[in-house]
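Undergrad: Let me see the structure of the following:
(chains A and B)
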Amino acid sequence: MKLRIAPSPTGELHIGNARTALFNWLYARKHNGKFLLRIDDTDVERSTPEFQQNIIEGLEWLGIDWDEGFDKDSSISYKQSDRFERYEKIAQDLVEEGFAYEDDGAIRFKVKGDQNIYFEDYIRGDMNFNTNDIEDFVILRSDKTPTYHLASTIDDIDYEISIIARGEDILSSTPKHIMIMKALDAKVPDFCHLPLLFGPDGKKLSKRHGDTSVSSFKDQGILANAMFNYMSILGWSPGDDLEIFERDVAIENFDLKNVLPNPAIFDTVKLLWMNGQYIRNLNKDEFSKKAIDNISASLGREIFKEELERINIILPVVQERLETLNDITDQIKFLLDEPFTVNKEEWNGVNSENVQNYLKNIRENFKLMEKFDLQNIESMMREELKELNMKPKEGFQATRIAVTGTKISPPLFESIFSLGKPATIARLAEMIENL
RNA sequence: GGCCCCGUCGUCCAGAGGCCUAGGACGCUUGGUUUUCAACCAAGAAACGCCGGUUCGAAUCCGGUCGGGGCUGCCA
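TA: Numbering: from 1, shown residues only, chains lettered A, B, ... in the order given. Prediction:
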């Protein structure tokens, strides 16, 4: 059994293609079959090396690996632009055998009328097309480059693909491919036309729905495993109302024939939720590494040793508060060696005489505190609340603004602890002076 | 226009004739917890497009209809 994904490097790897790749991959892995990657770059005008690279990196990032194909075996090319001679030769042969004819320099496949083309689709069942509805189609352009129909079909034959699972947008082209295969006296493989992914407007997902490339989700701080999981539940389910599951569970339960026939709308909101779940499930070291890398990337610089120490303290409580990796920097920026400013507007909302006294008192207490740890910080701050007969929210919110700069922050005591004693005292002092 | 595909809560998925007064998840609303935010807990609103038929019985089968989508390129 051999399946394939054959993207065109005419754009970045988008999630529709990635999901098709994923389903092919799952099926191949489930049945110990082969999964092949081919580069369908017959459109020389629009294909670029950069897009090709983007596609390969996207698949690798998702952990969708291939056993055969592009870059795996240097003795054979899995890039269609390297095989133009072969396609041209076959097109000529088809002309000689009467299956095709020349038309203004191009070569068209001659569609015999009154025929029924039948195939059984894994998802849609019996498919019948009347050849009267199909016009003669170009297989070789006048510049001698092949069209998709020719090149793709020849490659599927040459590389012995046994199941072609691709997007439903190609469903109506399948009879053309079968006609070419029969003219070439080749074995017709199985077909499976996967439902399309739609945008929120119910139309085929494309550029006009914004950036839907896999790399853009990576850049947004989406985890590869979350992306993989989310894509897999679009049109398919492992059963038992399972939604978050490991790859081996997906492989174990996957079947192309259980993929739903109807299109699914790609919902970023649910992806974000799932990504949050995955972030929370990361172990400490994995998360720490990803977090530090992300912060460093977003700052565009290395993270200093002292910053790293502070960040590592706060990381466990930040981990539970993220939807994407990119949310981290905003939450820990009060710990960085960067200019620190307080949001004055937020402060005006919590300021009062009580609050001013509270800040002064805890500052003094911090100065005297011998063991600056979580427990002492919390008990002192609560004690001081009682002294002034204040509610927790009243004193804590003010402290939070003074220390982190905003009303929304990681938990207060952890924030103070990670910031350290001298900086905490300094920020409280600064706040008090500017009251 | 022609050909083809599709049709369960706003969205994703479960449901393969009686277990369905249709289940789970995201999102939403309300309440709880709470030092903010998140997380978490509890409750709630929310769907079988419509009309016929088959059947003792249909979300599930059939037909039609309506609606959505894809293709109809010397794009893929």
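Undergrad: what are the ranges of the helices in the stretch 101-250 of chain A?
TA: A:148-158, A:174-183, A:214-219, A:224-232, A:247-253 (DSSP state H, counting those that start in this stretch).
Undergrad: and of these, who's closest to RNA strand B?
TA: When the helices of the stretch 101-250 of chain A are compared by CB to the nearest atom of the strand, helix A:148-158 sits nearest RNA strand B, at 3.4 Å. Backbone N, C-alpha and C define where each C-beta goes, glycine included.
Undergrad: ok, back up a step: got a markdown table for the helices of the stretch 101-250 of chain A, with mean pLDDT too?
TA: Shown next, in a markdown table, are the helices of the stretch 101-250 of chain A (pLDDT from 0 to 100):
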| stretch | mean pLDDT |
| --- | --- |
| helix A:148-158 | 97 |
| helix A:174-183 | 98 |
| helix A:214-219 | 96 |
| helix A:224-232 | 98 |
| helix A:247-253 | 96 |
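Undergrad: Make TSV from those helices and add distance to residue A:79 and mean neighbour count to it.
TA: As requested, these are exported to TSV (distance: least, CB to CB, whole Å; neighbours: other CB atoms under 10 Å):
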stretch	distance to residue A:79	mean neighbour count
helix A:148-158	10	22
helix A:174-183	20	20
helix A:214-219	20	19
helix A:224-232	25	22
helix A:247-253	28	15
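Undergrad: Would you mind putting those helices into CSV with distance to RNA strand B alongside?
TA: Putting those into CSV (distance: least, CB to the nearest atom of the strand, whole Å) gives the following:
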stretch, distance to RNA strand B
helix A:148-158, 3
helix A:174-183, 8
helix A:214-219, 16
helix A:224-232, 8
helix A:247-253, 11
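Undergrad: Format those helices as TSV; extra columns: distance to residue A:102.
TA: Formatted as TSV, the helices of the stretch 101-250 of chain A follow (distance: least, CB to CB, whole Å):
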stretch	distance to residue A:102
helix A:148-158	14
helix A:174-183	16
helix A:214-219	41
helix A:224-232	44
helix A:247-253	48
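Undergrad: Give me the neighbour count for residue A:338.
TA: Neighbour count for residue A:338, taken as other CB atoms under 10 Å: 10.
Undergrad: RNA strand B contacts on the stretch 301-435 of chain A?
TA: A:320-321, A:378, A:392-393, A:396-397, A:400, A:407-413 (CB under 7 Å from any atom of the strand).
Undergrad: Show me where the stretch 151-300 of chain A has its strands.
TA: A:163-167, A:190-194, A:197-198, A:264-265 (DSSP state E, counting those that start in this stretch).
Undergrad: wait, isn't residue A:261 in contact with residue A:122?
TA: No - using CB atoms under 8 Å, residue A:261 makes no contact with residue A:122, being 10.2 Å away.
Undergrad: Between those two, which has more neighbouring residues?
TA: Taking other CB under 10 Å, residue A:261 and residue A:122 do not tie; residue A:122 has more neighbours (19 against 13).
Undergrad: Quick check: residues of the stretch 51-200 of chain A near RNA strand B?
TA: Residues of the stretch 51-200 of chain A lying near RNA strand B (CB under 7 Å from any atom of the strand): A:103-106, A:123-125, A:127-130, A:133, A:135, A:137-138, A:141-143, A:147-149, A:152, A:168-173, A:196, A:198.
Undergrad: How far off centre is stretch A:110-126?
TA: 35 Å (CA atoms, centre = their mean, to the nearest Å).
Undergrad: Could you list the buried residues of it?
TA: By 16 or more other CB atoms under 10 Å, the buried positions in stretch A:110-126 come out as A:111, A:117, A:119, A:121, A:122, A:123.
Undergrad: Let me know the closest of those to residue A:216.
TA: residue A:123 (28.6 Å; CB to CB).
Undergrad: Settle this for me: the closest one is touching residue A:193, isn't it.
TA: Yes - using CB under 8 Å as the test, residue A:123 is close enough to residue A:193 to be in contact (6.2 Å).
Undergrad: What's the mean pLDDT across stretch A:160-171?
TA: Mean pLDDT, stretch A:160-171: 97.
Undergrad: outside of it, which residues touch it?
TA: A:1-4, A:6, A:16-17, A:20, A:23-24, A:27, A:33, A:36, A:121-122, A:124, A:127, A:155-156, A:189-196, A:204, A:256, A:263 (CB atoms under 8 Å, 6 or more residues apart in numbering).
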